[in-house]
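Trainee: prediction below, plus the sequence it came from.
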Amino acid sequence: MEYAGFLGLFLSLVIVSVKCQNLPATTQADLDTISTGLEIYYNVTTNNYTDTQFLALIILRNNNTANILTTSDWEIRFCHKNKITVPEDFLVNLKADGIEIQHIKGCMYKINPYGSGFRPRQDSNSTTPPEPGIAPAHQYAFPIVAERWSVVKSDVFPKWYVNNNGSTLQPKIIANTRDVDFFVLRPVDLSTQVLRKLFEANYYLTPFQRFLAVADTLDIEQVPSSLNVPSPLAINFQPPPQSPTGTPPVTDVTIDQNWRVKADAQYRQLAQTIVDIINSHKEISGVRLWTNTDPDDGVIEIQINNAVPFIGPTLSANPEAYNVAVQRTNPNIRGKVFLQANSEVGIFYGAQSVMGILGIYDRLPLIARMDDQPRSAYRALELDVTENFHGVATIKKLIDGMAMYKLNYLVLWLGSDWGWRVEIPGLEELTAVGSKRCHDPEENKCLSPGLGSGPNADDSGSGYYTVNDYKDILAYARNKFVTVVPRFNFLGRMRSAVLSMKARFNKYKETDMQKASQFLLHDALEAAQPNQNSFYLSPSDYKVKYYNDGIMNPCIDKTSVFATEVINKLKALHDQSNHPLKFLHVGGEPDLEVFWKKHQVCSGLTPAQMDRLRPQFLTQLYNTAMKPLGVGMMVAEEGVLQPRSALPFTTEQLPILNEIFVTVWNTLLGELEKWGMTEEQKMYLAGRTVVNLTQSAPGPRLGKPAFSRAYDLANAGYKVILNSYNTFRFDIPYEMAWEEEGDHDYARIADLFRVFKTEPLNIYQNMDLSYFGAFVDPQLVCRLWDCPALTAPANIVGLQATVGTTNLRSFNELFESIFPRLLAFAERSWKRGAFENTITVHQPFTPEMYAQRNYLFFVEWTNFLNTLGYKELERLDDAGIPYRIPLPGIAVLNGTYLNRTWDMVGRTEIPGLPIEVGDTNGFRPLANINARGLEGQSFAFRTKASHVNATRYSREVLMTLSPFTVYPTREMIMQEQIIRERQMSQMGQMPGAGGPQMQPGRTGQIPPMASGNVPQLLPGQGSAMQQGGPGQMFSPGFQTGTGGQATMGGGGGSFSGNSQIDALRRQQQSPTAMAGRTAG
């Protein structure tokens, strides 16, 4: 499509013309006026301008009473996520109006006057010189072209600011750009403004479609007998003892202020920790340590590593294993709780389980024995605080949440391009310069204000942990049995360190050259003669962040010296805090050799010598700076891959590989569109029978797809930590929607369902979506490409979730991104699901096996969701931990069948949450609201947080009532009844289902829907996007044939659950699909 003519309309606006004159310099008063009187708006026109670029408009509007932008030297600076280009025909028009846009460095750009000044033309043919600037109530818009796409509001960074190009004045933030909600225009065309490409799979949900998508959620209206998240390995309930005639049976134990915690003297501190945990419960206070004068009743008794266990058989040898028993023999005593473990951490986890069972109440069921232990010794959350800084209180609250769900490692990313976040004694420049982002064109006092941090070092772009802060975090984490792992990009981009050490050089070069150059991370010649930039990279070479001066270079010997100094100082801080520095993550990025060879100090290396730089650097750093201190090395996967083949380094190349722990994020299928497949191969992946199939393709890189790296590395001897991007990355949006903030470069959504259904030791089954969301059968993929089996499962040592903070600037934004997904991750990292590995790409399977797998998953998924809805979310509320509240699905019951009224009804992915409906009279509970006669009217809907006194809500969704939002048919009602009966029958067969139902739904709690039973969809009705939104999600066959409980299948690549993606997939596959497919 040709856009130039269309966009020309935006380039000339009504401006009163005056004769040409020299423009005055900008004053501080001018900047103040511009910051309040100018409004900036950003509008994505299309994400399909070219195959690799999107088109957007930047609109400058004058709300002042006088002309604005009339001076000669103003600049508007901003950070743009994607590299901007301005085509020549656009540039000609811009310069004719006296304005241009320029790249500064990194993500930073500026809009500034050109030539004789900014004088927008009313008419390009006019000979009358236009007046400078923009007139009151007028606007000027111009187009930009940028790489890739912009599909969510957070793709645009806030805090655009104005300054003078001499930087002698105080920069000012343009007021309406402080928050993207106020200047990024809402899209009106889904296909071009929300989808990355026209062919991207459409998972956008209207409220009605969301109602269908969560149809499989079974609300049992109580906490299931699995009791906890993560659920225990095994639990046996104690039958109620016989009670005297006329007295009620003893079924539970009530914990109150009369209870005591009893432990041997050497574990008194641990016992006090357990006391504090129990007293943190909202219904309990006054519990204290047991003394010799206290009765041996109403006691929580601790036993560690005792030769004669008092609960039963010998414990598992797992150091984190524990057992719990709850006993009460008659109504006249309080009872006892026994905690038994091999170690203090086991007791701590046992206490967390007791708190989880107590939940939002104060009672425990009678438990003969609960056995529990983790599947993995490493269960981690990684938080990047370099992109946006989060303080000590936030980190402590995060540790609280981790401890509640038995996660035991916190990886804190403390050094990258974007900032340095911890004080290192003796290297004060790291925090004096590297911890701050602000307006300083020379970057002598701070880093450039990337990621929308604005011109002042007073927001989340700046900050660091002092020595005392860091030690405080370490002490707090130690008491919660969470190990802190610091991460620095020693093998990658870390311009915060590079520029800080350059500032140190400049500080001392006149007085002490040895001290100045001691930790210099630039080439010494360049640092001494700053104008010689021959070894710098050009911005076009730096594909990702466009900085040209921040890569750590192993050719410079001071790189290892600097890293060693940082490690030594950190080790001392950990020792002083009695918190061992067990691991340090050194980063790792791809294609570094391309940049290293451009440095003068590396330019003489041969290709073979260049290939050896990574392993040599890692080996030297580990053997000299880490191993002698007892510090383990963690590396990102790219750090241990050969630069030209992307295969793992061998033991000959990297002798320490058996001692390295590698975090592997890339378990993605990748961009199949770029793999050079034949038409037959494409047809095969689409599920068609193909004769004479060629079972190989070029792949993304030398025929070795990235999705097998985790197994390749484990089989080669590396210790692998699975950090899967498409399931364990918590800054990816929950849903495909413009309002959902987050990163989407490699995966579009990662909802609760996708996290929960992950199979860590069956990674190919998680590889079910292409780069642009097309459904892909893992079985078929692994017939085209090599999917090596895991031959060294012991080398998969743990799981890790990651949270990048590019767009997470506040406490609530951070926690709502992490929770409740962290609970699903905790379940998968603690306990192996019964459904896992029941179907693999390496073994044939039958439809019966597939159905059994779906049943096993359904049991666990139902237990998990109901535990969240009826207990865990309110526990999070009580703990002060925000979480994302699921959006409501909405429909109107068809009053034609089964005496149903035409009521508006709703349900959410997590059952048991209240839904409210809003109109001009405000919001009210969604109950008994008859929709008859309301067709064509629009309403807002929101979900309320779990807590009875909650004041937090989901974001509001709008829906216009129409025939497309009414259902079900008679056939679907019959099918629904069959499905529900089968589901309830299955629930009755769940492990432990015969246990006590001791925590009923809360009073007034809304059942699965606000009114009525689970409905379906009218025959033949489409489900077109409401509110004028384009696109269609479900095919008519899905709407009329399956009613939200569609059959799934196709190689075992999906489950009967309620993910947006999997709800769509169910219409396209059947359980026997694979059985009928052949490759020849």
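Mentor: Alright, I've got the coordinates.

Trainee: for the rest of this, base every contact and every neighbour count on C-alpha atoms.
Mentor: Will do.

Trainee: kindly list the longest helix within this protein.
Mentor: helix 847-867 (DSSP state H).

Trainee: next SSE after that helix?
Mentor: Beyond helix 847-867 on the C-terminal side, the first helix or strand identified by DSSP states H and E is helix 873-878.

Trainee: what does whatever helix or strand comes next after that next one contact?
Mentor: Next along the chain after helix 873-878, taking DSSP H and E as the criterion, comes strand 889-893. Around strand 889-893, the neighbours that count as contacts under CA atoms under 8 Å, 6 or more residues apart in numbering are 206-212, 214, 900-908, 931, 961, 965-968, 1012, 1015.

Trainee: go again with 7 Å.
Mentor: For strand 889-893, the external contacting residues (CA atoms under 7 Å, 6 or more residues apart in numbering) are 207-208, 210-211, 900-908, 931, 965-967, 1015.

Trainee: what's the ChimeraX line that selects buried ones from the residues you listed?
Mentor: The following ChimeraX line selects those of those that are buried, judged by 16 or more other CA atoms under 10 Å:
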select :207,208,210,211,901,902,903,904,905,906,907,908,931,965,966,967,1015
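
Trainee: list the contacts for the closest residue to S416 other than its chain neighbours?
Mentor: Closest residue to S416 apart from its sequence neighbours, by CA to CA, 6 or more residues apart in numbering: M494 at 4.2 Å. By CA under 7 Å, 6+ apart, the residues touching M494 are 415-417, 550-552.

Trainee: which of those has the largest number of neighbours?
Mentor: In terms of neighbour count, G415 stands highest of the contacts of M494 at 29 neighbours, by other CA atoms under 10 Å.

Trainee: check that one and give its pLDDT.
Mentor: Note for G415: predicted pLDDT of 98.

Trainee: how about it: which residues does it bridge to?
Mentor: Beta-bridge pairing for G415 (DSSP bridges): W420, F488.

Trainee: now V411
Mentor: E382, V485.

Trainee: that one and E652: what is the separation?
Mentor: V411 is 30 Å from E652, where distance means CA to CA, to the nearest Å.

Trainee: and Y470, by the same measure?
Mentor: As defined by CA to CA, Y470 lies at a distance of 39 Å from E652.

Trainee: more crowded one of those two?
Mentor: Y470 (20 against 9).

Trainee: which residues touch that one?
Mentor: Going by CA under 7 Å, 6+ apart, Y470 touches no other residue.

Trainee: which SSE is it in?
Mentor: Per DSSP H and E: Y470 is located in helix 467-479.

Trainee: kindly export that helix (C-alpha atoms) in PDB.
Mentor: Extracted in PDB, the C-alpha atoms of helix 467-479 (Å, rounded to 0.1, in the frame of the first residue of the first chain):
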ATOM      1  CA  VAL A 467      26.000  -1.800  51.400                       C
ATOM      2  CA  ASN A 468      23.600  -1.800  54.400                       C
ATOM      3  CA  ASP A 469      20.600  -2.200  52.000                       C
ATOM      4  CA  TYR A 470      22.100  -5.200  50.400                       C
ATOM      5  CA  LYS A 471      23.100  -6.800  53.700                       C
ATOM      6  CA  ASP A 472      19.500  -6.100  54.900                       C
ATOM      7  CA  ILE A 473      18.200  -8.000  51.900                       C
ATOM      8  CA  LEU A 474      20.600 -10.900  52.500                       C
ATOM      9  CA  ALA A 475      19.600 -11.200  56.100                       C
ATOM     10  CA  TYR A 476      15.900 -11.100  55.400                       C
ATOM     11  CA  ALA A 477      16.300 -13.700  52.600                       C
ATOM     12  CA  ARG A 478      18.400 -15.900  54.900                       C
ATOM     13  CA  ASN A 479      15.600 -16.000  57.500                       C
END
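
Trainee: for the record, mean pLDDT for it?
Mentor: So the average pLDDT for helix 467-479 ends up being 98.

Trainee: likewise stretch 167-185?
Mentor: Summarised as a single mean, pLDDT over stretch 167-185 is 94.

Trainee: gap between the two ends of that stretch?
Mentor: Using CA to CA, the two ends of stretch 167-185 sit 31 Å apart.

Trainee: tell me if K571 really is in a helix.
Mentor: Yes - assessed by DSSP: H, G, I helix; E, B strand; the rest coil, K571 belongs to a helix.

Trainee: ok, it - how many residues close by?
Mentor: Other residues close to K571 by other CA under 10 Å number 21.

Trainee: same check, this time on the one 4 residues further on
Mentor: Residue neighbour count, defined by other CA under 10 Å, stands at 13 for D575.

Trainee: quick check: closest non-adjacent residue to it.
Mentor: Among residues not flanking D575 along the chain, L581 sits closest, at 7.7 Å (CA to CA, 6+ apart).

Trainee: contacts only, for the one you found.
Mentor: By CA under 7 Å, 6+ apart, the neighbours of L581 are 571, 574, 631.

Trainee: and what about K282, helix, strand or coil?
Mentor: Applying three-state DSSP: K282 is coil.

Trainee: skipping adjacent residues, who's closest to it in space?
Mentor: Closest to K282 by CA to CA, 6+ apart is D878, at 7.1 Å.

Trainee: tell me how far the one you found lies from A945.
Mentor: Applying CA to CA to D878 and A945 gives a distance of 11 Å.

Trainee: which one's more surrounded, the two?
Mentor: Higher neighbour count among D878 and A945: A945, with 24 against 16, using other CA under 10 Å.

Trainee: hmm, back to that, gap between the residue nearest to S416 and W420?
Mentor: The spacing between M494 and W420, counted by CA to CA, is 9 Å.

Trainee: same thing with T951?
Mentor: Counting by CA to CA - T951 and W420 are separated by 36 Å.

Trainee: looking at the two now, which is surrounded by more residues?
Mentor: More crowded of T951 and W420, by other CA under 10 Å: W420, with 33 against 9.

Trainee: how about that one, what does it touch?
Mentor: W420 makes contact with 386, 414, 430-431, 434-435, 496-497, according to CA under 7 Å, 6+ apart.

Trainee: most neighbours among those, which one is it?
Mentor: With neighbours taken as other CA under 10 Å, the top of these is G434, carrying 34 neighbours.

Trainee: assign it to helix, strand or coil.
Mentor: Recorded secondary structure, G434: coil (three-state DSSP).

Trainee: list the contacts of it.
Mentor: Contacts of G434 (CA under 7 Å, 6+ apart): 419-420, 446-447, 496-497, 500.

Trainee: out of those residues, flag the one nearest to N279.
Mentor: Using CA to CA, the shortest approach to N279 within the contacts of G434 belongs to W420, at 37.6 Å.

Trainee: how close does that closest one sit to E387?
Mentor: For W420 relative to E387 (CA to CA), the value is 10 Å.

Trainee: what do you get for I274?
Mentor: The gap separating I274 from E387 is 36 Å, by CA to CA.

Trainee: looking at the two, which is more packed in?
Mentor: Per other CA under 10 Å, whichever of I274 and E387 has more neighbours is E387, with 28 against 25.

Trainee: and that one, what pLDDT?
Mentor: pLDDT at E387 comes out at 97.

Trainee: quick one: low-confidence parts of the stretch 1-150 of the chain?
Mentor: 1-21, 123-127 (pLDDT under 70).

Trainee: can you pull out the helices in it?
Mentor: With DSSP state H, counting those that start in this stretch, the ranges of helices along the stretch 1-150 of the chain come out as 4-8, 28-37, 88-96.

Trainee: I302 is in contact with A263, correct?
Mentor: Yes - using CA atoms under 7 Å, A263 is in contact with I302, at 5.1 Å.

Trainee: of these two, give the one with the bigger neighbour count.
Mentor: A direct count of neighbours by other CA under 10 Å for A263 and I302 places I302 higher, at 24 against 21.

Trainee: quick one: low-confidence ranges for the stretch 151-300 of the chain?
Mentor: 243-246.
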